[in-house]
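Asker: coords below, sequence missing:
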């Protein structure tokens, strides 16, 4: 196996440089350096090493640095800087990014989630674990209409954790339910992660949106099943409320009218894409306008809220675009050491079976999720893995799916795997979003223990999607097939 041969010492200078680049990047992250600065810093260090320390074959120490070589290197970097920036800013797919971020943030301000929480608490009050079930259902609905993880986790935490604590819920289960349900927005479309994957893998965003819908709902179904079963097995962990209101037709209608607005927004965005009425970029504009109208209809829209949402949208979009540009620079330097070829050969040489190669890639991404955020993994790792997946020629049937069905399947597998990166320490961002809004009695240890069963459920869902590619290709084929 290629990996064993490398561990055995068969590594040339390029191999060492590639390994040191990744290790240096992770080291800078753990030192607290912002991602974009870490990418630029490590790239500059290794481009200096490549240009001035090593010879063109990178096997021996080069000659002393002179003015002419410095000027030539600067000229090449300056020429590529415009390409890094321009290819990102001019990308039409990324126009959808700030629109979907704005939609999610504005929906969180609209008061829709609070109304759903009040009505569902009454509807499921007589059911063991009904409060956790309400939080989970609201999380699924928000996931299909926001896609902004931080906002969803904080909103669900503020609404759900105090209510579950007042009802004497088991603290880890209360925390795990909120953390897991809040992260579904990264997978269930419209998702900003899928927008970025569409750009990095050069495949249709509509394909990814349609392909991710069933796997996302599958994860939601696994979560709900777990909560229901846990309520039967451990009733003392999720006690019933003391003063339960009777379920009347009025309660049912309250729930119905509370879910109509977000479902209408989902239909506006995903329905317009599915029926071919709008492209995903156009649908993002419809979603942003729809969320604004919901906030206005609920009397939660004013100049202060609008300015705050705009500011958060700008900050988040700028953060992601900044990482886009610096990741392109990182990839440029990595290619100077033949890093793309080295990684491709290592992965392809790991196993003879193409399905085992895909499983090996997913395992690597799962481990990286303990150390890196999904943005770094998507921008750095996904382009490196694309040639590997294309060379495997895995027979995934798409029945008319635009693009390569195997790439769509692989992208959704990675998206499901990256769900775990939000819940796995030490850099599981959902854990820290939640800790920031938890009551004093809920510790980080409670949160860590609470997310363990949901991480296991995510891996079960990953296995189901891996074994049944049709979950990711049937709906895109139906929407875009001939």
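Answerer: Yep, it's here. If you're wondering where the values come from, they're calculated on a predicted model, not measured in any experiment.

Asker: what about residue 114, helix or strand, and which?
Answerer: Element membership of residue 114, judged by DSSP states H and E, is helix 112-123.

Asker: all helices of the stretch 251-400 of the chain, in order?
Answerer: 272-274, 280-297, 303-336, 339-348, 354-368, 374-376, 382-392 (DSSP state H, counting those that start in this stretch).

Asker: Ok, the stretch 101-250 of the chain next?
Answerer: Using DSSP H, counting those that start in this stretch, helices in the stretch 101-250 of the chain cover 112-123, 130-143, 149-166, 171-182, 192-201, 205-233, 249-266.

Asker: Now do the buried residues in stretch 442-452.
Answerer: For stretch 442-452, a neighbour-count test (16 or more other CB atoms under 10 Å) marks 442, 446-451 as buried. Yep, even glycine has a C-beta here, placed from its N, CA and C like the rest.

Asker: quick one, the helix holding residue 114 and helix 130-143 angle?
Answerer: Angle between the axes of helix 112-123 and helix 130-143 is 150 degrees (criterion: axes from the mean of the first three to the mean of the last three CA atoms, to 10 degrees).

Asker: Which elements pack onto helix 112-123?
Answerer: Where contact means 3 or more CB pairs under 8 Å, 6 or more residues apart in numbering; DSSP states H and E, helix 112-123 is packed against helix 130-143, helix 149-166, helix 249-266.

Asker: hang on, the earlier thing: nearest to residue 405, out of the helices of the stretch 101-250 of the chain?
Answerer: Closest of the helices of the stretch 101-250 of the chain to residue 405 is helix 205-233, at 8.7 Å (criterion: CB to CB).

Asker: So which bits of that closest one are buried?
Answerer: So for helix 205-233, counting by 16+ other CB under 10 Å, buried means 205-220, 222-224, 226-228, 230-231.

Asker: got the angle for it vs helix 171-182?
Answerer: For helix 205-233 against helix 171-182, the angle by the same axes, to 10 degrees is 160 degrees.

Asker: Just give me how far stretch 12-27 sits from the chain centre.
Answerer: Stretch 12-27 sits 26 Å away from the centroid of its parent chain (CA atoms, centre = their mean, to the nearest Å).

Asker: no no, stretch 98-112
Answerer: The answer for stretch 98-112 is 17 Å, by CA atoms, centre = their mean.

Asker: Would you mind giving the buried residues of stretch 442-452 as TSV with distance to residue 169, secondary structure and pLDDT added?
Answerer: Below are these laid out as TSV (distance: CB to CB, whole Å; DSSP: H, G, I helix; E, B strand; the rest coil; pLDDT from 0 to 100):
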residue	distance to residue 169	secondary structure	pLDDT
442	10	coil	84
446	11	helix	87
447	14	helix	88
448	17	helix	88
449	14	helix	89
450	10	helix	89
451	15	helix	90
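
Asker: would CSV of those residues with distance to residue 102 be doable?
Answerer: Shown next, in CSV, are these (distance: CB to CB, whole Å):
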residue, distance to residue 102
442, 31
446, 33
447, 29
448, 33
449, 35
450, 31
451, 29
